[in-house]
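**Student:** Sequence first, predicted coordinates after that:
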Amino acid sequence: MKPPRILIALMAVTLLVAGCSGRDSSETGSEEGEGGGTTAAASSSSDFGDLTDVCQKGSPSGTPAQGVTESEIQVGTFSDVGFTKNSEFVDAAKVFTSWCNDLGGINGRKLVANTRDSKLMEVRQQMIAACREDFALVGGGAALDGLGVKERLSCTLPSFPAQIAQAQSAGAELEISADPTLTVGYDPYYGFRSWLLNEAYPDSKGAVGIINGDSPVTKLLGEQAVESTTAAGGTFVYNDLYPAMGVSDWTPYAQSMKSKGVKGLIYYGDFKQLAKLESVLTSIDYKLDWIDTNNNAYGDQFIELAGSSAGEQNNYLDLGGNAPINSDVPAMKQLNELWAKYSPDTEMTLPAIRAFSSWLLFAKSASTCGDDLTRTCLVEKAKSEVAWTAGGLHAPNNMLAPVPPSGCFNVEKTTTDGWESVDIGAPAGQFYKCEQPYKYTKDYGTPLTLADVGKSKSDVK
């Protein structure tokens with residue numbers, strides 16, 4: 001049996017990895033469930049944004065691949081919901097499959113979304129289960145996703161993840177990220193932090209700080225942030241870790257930041273802890289030029305927890321080229337309507353939006369394959385999308401050549417009333433702008449290939 005301190009440290013990882021938050025949710029979803037068919041259609045049209053005929057009726061025949069029958073397509077969605085109680089990927093699967101199935105499914109085949117609850121430490125076990133039943137993985141994520149990559153490639157299972165957390169998963173073969181959260185070799189936040197340092201607050205360049213949860217995942221993220229932020233012109237005067245399970249008194253950390261004159265702070269970890277830190281900073285009358293909360297904090301919970309500090313401190317985050325939830329972007333307005341119809345009691349989050357993009361890419365690719373829906377066809381059609389925007393939900397991403405990433409970003413800032421968009425000088429008609437992404441000089445990991453597990457593309461059926 002593992003000593004408790006090791007188990008506790010591992011459990012903390014899911015609360016610390018950016019984009020894998022421990023958001024509370026009263027809706028945790030079931031272990032396994034079929035999406036769709038329980039509510040009326042949200043619209044008589046199957047268009048989404050500028051995408052047409054996403055889902056459709058049909059008269060399919062045959063069983064061309066595992067998980068594909070004449071009537072159904074079995075799809076797996078990974079989530080740590082059993083541990084985090086955060087159901088955002090399960091919710092996104094419910095919304096998409098309900099809407100799609102009400103419109104006829106994929107050429108008449110109904111989508112069945114199987115929740116693969118990895119519960120933080122059961123990634124490998126759930127991947128083995130998915131290998132036995134699922135046609136593909138869509139719209140999910142797990143804090144320790146790297147633990148299942150070998151099994152996934154060994155059974156040639158395609159994956160359309162909502163988010164990637166570990167380098168072993170990012171860019172691994174048969175993985176198509178509709179809206180990438182991690183690209184091996186490049187910093188996705190370089191444009192945003194360069195904007196903070198060189199445009200928004202140039203006086204902060206010589207006094208940057210970073211504080212990071214003491215876990216392997218976020219310590220690596222922190223190392224990458226220090227490299228790229230230094231390359232953008234920043235000089236670090238403060239670099240610290242805090243215990244993975246949280247801090248009872250943030251006063252020593254706040255006082256240290258003040259004594260070292262930190263003007264810009266990069267934070268990695270649970271936003272609940274950041275809210276506590278900011279409360280102390282505000283109480284000692286120390287206001288930073290900017291705090292990079294990471295987009296884990298995007299949502300109402302952080303605003304509520306931060307209280308007056310949401311207005312006192314300058315909190316910023318990068319949405320990575322995704323439309324703000326409260327924007328007038330047509331695709332986002334439509335997604336809000338679908339969410340209100342099919343999952344009205346749950347919160348739509350940034351990871352959930354990314355999950356919906358993955359579902360859209362999967363559905364468009366699968367429908368194009370027609371009756372002969374195989375994994376080979378699915379992957380080929382998905383990779384043919386060289387400017388994927390999910391109907392306008394986010395900046396274009398190239399599925400055929402995902403490296404280097406787009407480098408697109410857009411910025412949100414906290415107020416006491418909520419998050420609001422910041423004018424970053426985006427081109428007319430766009431809510432984002434794109435900069436040349438930064439390529440790391442250090443090696444932070446290499447994605448796995450089919451060859452690494454003794455397979456080749458000819459094994460993908």
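**Tutor:** That came through, no problem. Numbers count the residues shown, from 1 in each chain.

**Student:** Domain ranges for the chain, per the record?
**Tutor:** 27-185+327-400+447-459, 186-323+405-439 (automatic domain parsing).

**Student:** now the ones you listed as a markdown table including mean pLDDT and mean neighbour count?
**Tutor:** Just so you know, the C-beta spots here come from the backbone N, C-alpha and C atoms, and that holds for glycine as well. Converted to a markdown table, the domains of the chain look like this (pLDDT from 0 to 100; neighbours: other C-beta atoms under 10 Å):
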| stretch | mean pLDDT | mean neighbour count |
| --- | --- | --- |
| domain 27-185+327-400+447-459 | 92 | 21 |
| domain 186-323+405-439 | 95 | 19 |
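
**Student:** Let's verify Lys57: helix, strand, or coil?
**Tutor:** coil (DSSP: H, G, I helix; E, B strand; the rest coil).

**Student:** ok, it - contacts?
**Tutor:** 103-105, 107-108 (C-beta atoms under 8 Å, 6 or more residues apart in numbering).

**Student:** all strands for the stretch 101-250 of the chain, in order.
**Tutor:** Applying DSSP state E, counting those that start in this stretch to the stretch 101-250 of the chain gives strands spanning 110-117, 136-138, 159-160, 186-187, 208-213, 236-242.

**Student:** OK, contacts around Arg132?
**Tutor:** Under the criterion of C-beta under 8 Å, 6+ apart, the contact list for Arg132 is empty.

**Student:** State the distance from it to Ser118.
**Tutor:** From Arg132 across to Ser118, the span is 16 Å (C-beta to C-beta, to the nearest Å).

**Student:** ok so, going back, for the strands of the stretch 101-250 of the chain, give me TSV that also has distance to Arg124.
**Tutor:** Formatted as TSV, the strands of the stretch 101-250 of the chain follow (distance: least, C-beta to C-beta, whole Å):
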stretch	distance to Arg124
strand 110-117	11
strand 136-138	14
strand 159-160	15
strand 186-187	28
strand 208-213	24
strand 236-242	28
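
**Student:** so which of these comes closest to Val460?
**Tutor:** strand 136-138 (11.2 Å; C-beta to C-beta).

**Student:** helices or strands next to the closest one in the packing?
**Tutor:** strand 72-79, strand 159-160, helix 350-369 (3 or more C-beta pairs under 8 Å, 6 or more residues apart in numbering; DSSP states H and E).

**Student:** again, only using 6 Å
**Tutor:** strand 72-79, helix 350-369 (3 or more C-beta pairs under 6 Å, 6 or more residues apart in numbering; DSSP states H and E).

**Student:** among these, which is nearest Asp214?
**Tutor:** helix 350-369 (23.5 Å).

**Student:** and the next element down the chain from the closest one?
**Tutor:** helix 375-383 (DSSP states H and E).

**Student:** Between helix 350-369 and that next one, find me the angle.
**Tutor:** 120 degrees (axes from the mean of the first three to the mean of the last three C-alpha atoms, to 10 degrees).

**Student:** Report the separation between the residue nearest the centre of the chain and Tyr432.
**Tutor:** Residue closest to the average C-alpha location in the chain (C-alpha atoms, centre = their mean): Gln163, at 3.6 Å. Taking C-beta to C-beta as the measure, Gln163 falls 18 Å from Tyr432.

**Student:** Quick check: which element contains the nearest residue to Gly246 once chain neighbours are set aside?
**Tutor:** For Gly246, ignoring the flanking residues on the chain, the nearest one in space by C-beta to C-beta, 6 or more residues apart in numbering is Gln273 at 5.3 Å. Taking DSSP H and E as the criterion, Gln273 maps to helix 271-283.

**Student:** Show me what the following helix or strand past that helix is packed up against.
**Tutor:** Using DSSP H and E, the next helix or strand after helix 271-283 towards the C-terminus is strand 290-292. Under the contact definition 3+ C-beta pairs under 6 Å, 6+ apart, strand 290-292 sits against strand 264-268.

**Student:** now the strand it packs on against strand 236-242, angle please.
**Tutor:** 30 degrees.

**Student:** now for strand 264-268, which elements pack on it?
**Tutor:** Using 3+ C-beta pairs under 6 Å, 6+ apart, strand 264-268 is in contact with strand 208-213, helix 216-231, strand 290-292.

**Student:** And the contacts of the shortest one?
**Tutor:** Put plainly, it is strand 290-292. 196, 201, 264-266, 313-316 (C-beta atoms under 6 Å, 6 or more residues apart in numbering).

**Student:** What strands line up against it, and which way round?
**Tutor:** strand 264-268 (parallel), strand 315-318 (parallel) (DSSP bridges).

**Student:** ok so, going back, next, format the contacts of strand 290-292 as a markdown table and append distance to Thr63.
**Tutor:** Shown next, in a markdown table, are the contacts of strand 290-292 (distance: C-beta to C-beta, whole Å):
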| residue | distance to Thr63 |
| --- | --- |
| Leu196 | 53 |
| Tyr201 | 59 |
| Gly264 | 57 |
| Leu265 | 55 |
| Ile266 | 50 |
| Gln313 | 57 |
| Asn314 | 57 |
| Asn315 | 52 |
| Tyr316 | 50 |
